[in-house]
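*Asks:* Predicted model and sequence below, questions to follow.
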Amino acid sequence: MIRHLLLAFLLVLGLGQPALAAKLPPITDAAAGPYRLGTGDEVRVTIFSLDAANNSYAIGDDGTISIPLVGLVGASGKSIGELETAIVTALREKDLVRQPSVSVQVTKYRPFFILGEVQKPGQYPYVPGMSVLTAVSIAGGFTFRAKTDSAVIVRGQDNKMAKGKATPETRVQPGDTISIAEGWF
């Protein structure tokens with residue numbers, strides 16, 4: 001009788017059901033290869049012999065950067081090398097520089113977001129190579145109620161959103177939203 005009451009109590013609380021993270025597939029890792037730029041990243045563009053265009057540019061909501069004398073150049077979804085090539089092509093089309101030489105560097109990555117059972121949920125700057133555990137550390141650590149062995153990540157991939165479970169070692173990407181659930185025991 002007591003066993004049935006305890007089981008009923010656990011089911012009412014939801015403890016007898018698998019957690020949300022357990023129902024989700026594992027989040028996919030970043031595709032091998034170079035970093036892909038996205039809205040919110042900031043890049044430093046250096047065009048040799050065209051000093052007026054040398055500056056830092058934020059990638060806008062439309063996925064472009066606007067370079068003086070050159071105009072709009074698509075950046076979102078491109079690697080650094082691909083963006084350099086796109087700028088060289090635009091310079092040649094406008095006949096601004098005879099032999100353009102362009103350098104692009106990421107100066108600021110788009111942020112990641114963390115919510116749930118961490119000390120200071122919110123938006124934080126991305127650090128290349130970070131894991132879920134690193135993100136939790138940046139957010140002040142777990143609360144005493146946190147489920148420390150898993151998390152849920154929502155990630156933009158291929159112009160759509162993906163949601164999956166993650167371990168503390170799972171790599172975080174810029175723009176990810178990490179949710180740390182409450183643990184019961």
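*Replies:* Sure, I can see it.

*Asks:* need the helices for the chain, in chain order.
*Replies:* Ranges of helices within the chain are 2-13, 20-23, 80-93, 132-138, based on DSSP state H.

*Asks:* The last one: which residues count as buried?
*Replies:* Applying a neighbour-count criterion of 16 or more other Cβ atoms under 10 Å, one finds 132-133, 135-136, 138 buried in helix 132-138. All C-beta atoms are positioned from the backbone trio N, CA, C, and that covers glycine.

*Asks:* Could you save those residues as CSV and add columns showing pLDDT and distance to residue 156?
*Replies:* As requested, the buried residues of helix 132-138 are exported to CSV (pLDDT from 0 to 100; distance: Cβ to Cβ, whole Å):
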residue, pLDDT, distance to residue 156
132, 96, 17
133, 96, 22
135, 97, 16
136, 97, 21
138, 97, 20
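
*Asks:* Where does the prediction get shaky in the chain?
*Replies:* 1-22, 30-32, 157-159, 185 (pLDDT under 70).

*Asks:* switch the cut-off to 80
*Replies:* 1-22, 28-33, 156-160, 184-185 (pLDDT under 80).

*Asks:* Now do the strands in it.
*Replies:* 42-47, 55-58, 64-67, 71-74, 102-108, 112-116, 122-124, 151-157, 160-166, 177-180 (DSSP state E).

*Asks:* Thanks a lot, catch you later.
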